[in-house]
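[1] Coordinates only, no sequence provided:
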């Protein structure tokens, strides 16, 4: 049904996605979870008891690690991780 090349591509994508997720700090994952729930920076900062500036720093670091440029992309990748890679 699938050729070897297609299977290899999916395996590479899975490994790449896992590596990106594992590169993030626990706090960055918390920020990402809150972001995926639709919270804005102010609400995330209040929930985590940090400043909005700190949240912006976490977001920038997280975007770089995940290879994304927007909140939406980050939230989508978090959804993929939750669905396919969580234990």
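    Structure's in. What do you need? As the structure is a prediction and not an experimental result, all values here were calculated from the model.

[2] so how far is whichever helix or strand residue 79 is part of from its chain's centroid?
    In this assignment (DSSP states H and E), residue 79 forms part of helix 71-80. Distance, stretch centre to chain centre, for helix 71-80: 6 Å (Cα atoms, centre = their mean, to the nearest Å).

[3] Just the buried residues of that helix, please?
    71, 74-75, 77-78 (16 or more other Cβ atoms under 10 Å). Where C-beta positions appear, they are placed from N, C-alpha and C, glycine not excepted.

[4] measure residue 52 to residue 20 for me?
    25 Å (Cβ to Cβ, to the nearest Å).

[5] for residue 48, same thing?
    Where residue 20 is concerned, residue 48 sits at a distance of 22 Å (Cβ to Cβ).

[6] and what of residue 61?
    In this view, residue 61 and residue 20 are 12 Å apart by Cβ to Cβ.

[7] And for residue 44?
    Distance from residue 44 to residue 20, by Cβ to Cβ: 20 Å.

[8] the more surrounded of the two?
    Between residue 44 and residue 20, counting by other Cβ atoms under 10 Å, residue 44 is the more crowded of the two (22 against 16).

[9] Correct me if wrong: the more buried one contacts residue 32.
    No: Residue 44 lies out of contact with residue 32 (Cβ atoms under 8 Å); the separation is 9.7 Å.

[10] max-length helix in the chain?
    For the chain, the helix that runs over the most residues, judged by DSSP state H, is helix 4-22.

[11] In contact with residue 75, which residues?
    Contacts for residue 75 (Cβ atoms under 8 Å, 6 or more residues apart in numbering) come out as 32, 35-36.

[12] shaky segments in the protein?
    For the chain, the stretches with pLDDT under 70 are 81-87.

[13] Distance check, residue 61 against residue 41.
    Distance of residue 61 to residue 41, computed by Cβ to Cβ: 14 Å.
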